[in-house]
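Undergrad: Dropping the sequence and predicted coords here.
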Amino acid sequence: MEHLSGQPAGDGIHDLGWARLDTDRHRRTGDPEVVLGSGKTPKQVVEILIALAAAHPDRAVLATRLSPEAISAVQEQLPDATIDAEARAATVGPLPAPHGTVCVVTAGTSDLPVAAEAALTGRVFGAGVRLVSDVGVAGLHRLLNVRDTLDAADCLVVVAGMEGALPSVVGGLVGVPLVAVPTSVGYGASFGGVAALLGMLNSCAPGVSVVNIDNGFGAGVFAARVARRGRSADRAPEQSGDTPAQHQQHDSSGQHDPSGHHDEPATPQPRVGWVDASSGASGDMLLAALVDAGVPLDVIQAAVDAVSPTAVRLRTEQVQRAGLRALRVHVEVDGEPADSPSNSGSAPHRTWADVRALLEAAVLPDAVRERALATFGRLADAEATVHDTEPEQVHFHEVGALDSIADIVGCCAGLTHLGLDRLVCAPLAVGGGRVHTQHGDLPVPVPAVTAMLTGIPSVGGPVDAELATPTGAALLTTAADDWGSQPAMSVATVGVGAGGRDHVGHPNVLRLLVGQATAGPAAQTGRTPQQGRGPDSLPLLLQTNVDDLDPRLWPGVLNQLIAAGASDAWLTPILMKKGRPAHTLSVLVRQEVRARVERIVFAETSTIGLRVQQVDKVTLDRSELVVHVHGQPVRVKVAAHDGRVVNLQPEYEDVLAVATSTGLPAKTVLAEATAASRDVER
């Protein structure tokens, strides 16, 4: 109220003559601007959208309940607008970075328009959103199959017509905040949704909130706010007034020791993942498994958008493989399936240098970029071995297509989002027989896959088909810390990703189990080579002392090492024997990129040898948020320990860009970005 009372007359209001727009909503509530299209002419909708977008160029504006004529007008006059025809809605401007996860659940296909409105609203209001459809109570087994998905969400939106029973059933299955949306879908005496509304209002499950009939927008707003607040509470438990220790002393059984004695709070166990690759692996299978395991599709789509030079969209579909439920992710290029004849031009023969340039120029989190560079680098090394050439000369064929680039970058974003401390993979099934490629008819596994399997457990079969693709092999052999059976873990979510083919008698799926380590050396933090990971999977530290290299060359050397997949590279000034000044070059690498990094060191420096030692490290949980300083986005790295945020660091490149465009000192922009990020974390 102090803000409003001190605001100059007319501030926060935009007068169109026939309407007075409120442009201050974001400052008051943190929410975006929204236009209700009902009752407005197409011209009015367009004029309001233009005015609100001009007032808030750095965030999305949402228009709902648009008529077909209004949608056509928006498409014609606002070419940058994104239309969601099913939701009868449009957005103008960039969507915010997602915080928290909303799962929108529908009873039947007829409820999808309302569900789509809720899903789009949730995204615009700052949450990651996942849609689970056709799980009505008439086929209860469909709902039970996705229980883990529901339980992993921060808030649920349950959309149903008919008798409106689905929210009560879901509310009895999982303890997640839930908002129910009755729809006007139904036979006979459904009274336009009143029957479903009354059923939900009289729900036997506790904690079910209800919005009005067909109000997907209201449900989406409610759920996004819950998800955002819930994620903030997870990151900063001290804001509730309790210390982290007090939080840990809360007995989950509901029992209390009257003596007041408490056991020492348990150290949080590492997050682990296990990939069941017994039916092979491809990029789209792993991508689908990640989404099915709870990674918001928005997170993956944002990474794909950042790297793709043309429009690439991801779409999910529930399918069956040999009778098992699985999720399929379709990659569409310019609105058509990536493998359609019209997209044959989406697969130019990109070189490793071309792909690396795409990744280096993309606005990606550093962790995602490093994973993607390492994955493509491993693939380039394999192709170079097969064709007896240098990695820089390698031409990617199928893997150079946009759908394969989307698979790799999307998987890297998904794995980064999961924040696993350890990933274990079962022996990789490669299939058998022969397969036709752009290199001709080749044996399975194809030569590039074989080159990547050195030292990796693998097995032929179980069917005569290509089960392990180069993309899948590169992703798993780069990401996996260990190979073997499922480690000791408490499974929280299971993702099942489907391949394109449905093999008779054998499910063509890849499974991803995610949870907490429960026992044994692998469950400990601060691992040593004997604890948690085998010596063949520990990172390496390469070092050499150089005293005769022109110092002007060092920046280029360091850049090349990072681009080649090194986790880090740095120089340390030293004084050698006889008082000679020199530098120690240190390079931290995963074992799979060692050969490529060594080649660069020997080619670009004057050294004649390298010291190599295995190292291990403990890392903090890392994530990224986006704040706005003077109307411009600034990415902020967030580091957390035991659930508490311990470090916030704005990206200097973004700070410098804001400083350059505004004329402000960089130190001023840095301080403002840091303060804004602290406000967001609170």
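TA: Structure's in. What do you need?
Undergrad: give me the number of residues near residue 585?
TA: Neighbourhood size, residue 585 [other CB atoms under 10 Å]: 23. From N, CA and C alone the C-beta is placed, and that goes for glycine too.
Undergrad: sec struct for the closest residue to it other than its chain neighbours, please.
TA: Spatial nearest neighbour of residue 585, excluding adjacent residues (CB to CB, 6 or more residues apart in numbering): residue 544 at 5.3 Å. Under DSSP: H, G, I helix; E, B strand; the rest coil, residue 544 falls in the strand class.
Undergrad: Helix or strand next in line after the lowest-mean-pLDDT helix or strand in the chain, which one?
TA: When each helix and strand of the chain is scored by mean pLDDT, DSSP states H and E, helix 244-248 comes last, with a mean of 32. Using DSSP states H and E, the helix or strand that follows helix 244-248 towards the C-terminus is strand 271-276.
Undergrad: Toward the C-terminus, what is the element adjacent to that following strand?
TA: Downstream of strand 271-276, the first helix or strand assigned by DSSP H and E is helix 283-292.
Undergrad: what is the mean pLDDT for that next one?
TA: Mean pLDDT, computed over helix 283-292, is 95.
Undergrad: before we move on, what about stretch 469-480?
TA: What stretch 469-480 shows for mean pLDDT is 93.
Undergrad: residues making contact with that stretch?
TA: Outside stretch 469-480, the residues that touch it by CB atoms under 8 Å, 6 or more residues apart in numbering are 275, 277, 280-283, 285-286, 371, 374-376, 378-379, 382, 398-399, 404, 407-408, 411-412, 415, 423-425, 428, 445-446, 448-449, 452-453, 456, 510, 537, 590, 592.
Undergrad: Of these, which belong to helices?
TA: Counting by DSSP state H, the part of the contacts of stretch 469-480 found in helices is 283, 285-286, 371, 374-376, 378-379, 382, 404, 407-408, 411-412, 415, 448-449, 452.
Undergrad: List buried residues within those residues.
TA: 283, 285-286, 371, 374-376, 378-379, 382, 404, 407-408, 411-412, 415, 448-449, 452 (16 or more other CB atoms under 10 Å).
Undergrad: State the number of residues packed around the closest residue in space to residue 94 that isn't next to it in sequence.
TA: Ranked by CB to CB, 6+ apart and with sequence neighbours excluded, the top spatial neighbour of residue 94 is residue 60, at 6.2 Å. For residue 60, the neighbour count with other CB under 10 Å is 22.
Undergrad: Contacts only, for residue 60.
TA: For residue 60, the contact set (CB under 8 Å, 6+ apart) comprises 32, 91-96, 124.
Undergrad: Go through these and say which is closest to residue 582.
TA: Residue 582 lies nearest to residue 94 out of those, by CB to CB, at 48.0 Å.
Undergrad: My read is that the closest one contacts residue 59, right?
TA: Yes: between residue 94 and residue 59 a contact is recorded at 6.7 Å, counting by CB atoms under 8 Å.
Undergrad: Now do the contacts for residue 320.
TA: Residue 320 neighbours (CB under 8 Å, 6+ apart): 326, 502.
Undergrad: Begin at 48, not 1, for the rest of this chat.
TA: Understood, numbering begins at 48; the last thing we discussed is residue 367.
Undergrad: In three-state terms, label it for me.
TA: Assigned with three-state DSSP, residue 367 falls in the strand class.
Undergrad: Can you tell me how far it is from residue 618?
TA: When distance is defined by CB to CB, to the nearest Å, residue 367 is 56 Å away from residue 618.
Undergrad: List the buried residues in stretch 553-569.
TA: Neighbour-count burial for stretch 553-569 flags 553-564, 569 (criterion: 16+ other CB under 10 Å).
Undergrad: mind showing which ranges of the chain have poor pLDDT?
TA: For the chain, the stretches with pLDDT under 70 are 48-59, 235-236, 277-316, 356, 382, 385-396, 444-447, 485-486, 566-584, 727-729.
Undergrad: Closest to the centroid, which residue in it?
TA: The residue lying closest to the centre of the chain (CA atoms, centre = their mean) is residue 346, at 3.3 Å.
Undergrad: still on that earlier bit, out of residue 141 and residue 106, which sits in the more crowded spot?
TA: Neighbours were counted for residue 141 and for residue 106 using other CB under 10 Å; residue 106 has more, 22 against 13.
Undergrad: Surely that one and residue 139 touch.
TA: No: applying CB under 8 Å, one finds residue 106 not in contact with residue 139, separated by 9.9 Å.
Undergrad: Any figure for the gap between the residue of the chain most remote from its centre and residue 122?
TA: Most distant residue from the mean C-alpha position of the chain: residue 625, 53.2 Å away (CA atoms, centre = their mean). Residue 625 sits 74 Å away from residue 122, going by CB to CB.
Undergrad: now do residue 463
TA: Residue 463 is 35 Å from residue 122, by CB to CB.
Undergrad: quick one: the strands in the stretch 148-297 of the chain?
TA: Taking DSSP state E, counting those that start in this stretch to define them, one finds strands in the stretch 148-297 of the chain at 148-153, 175-179, 202-207, 225-229, 255-257.
Undergrad: got the angle for the fourth one vs strand 202-207?
TA: Note on geometry: by axes from the mean of the first three to the mean of the last three CA atoms, to 10 degrees, strand 225-229 and strand 202-207 are set 20 degrees apart in direction.
Undergrad: Report the angle between strand 225-229 and strand 148-153.
TA: 30 degrees.
Undergrad: Show me which positions of strand 225-229 end up buried.
TA: Neighbour-count burial for strand 225-229 [16+ other CB under 10 Å]: 225-229.
Undergrad: what does the third one give?
TA: If you call a residue buried by 16+ other CB under 10 Å, then strand 202-207 has these buried ones: 202-207.
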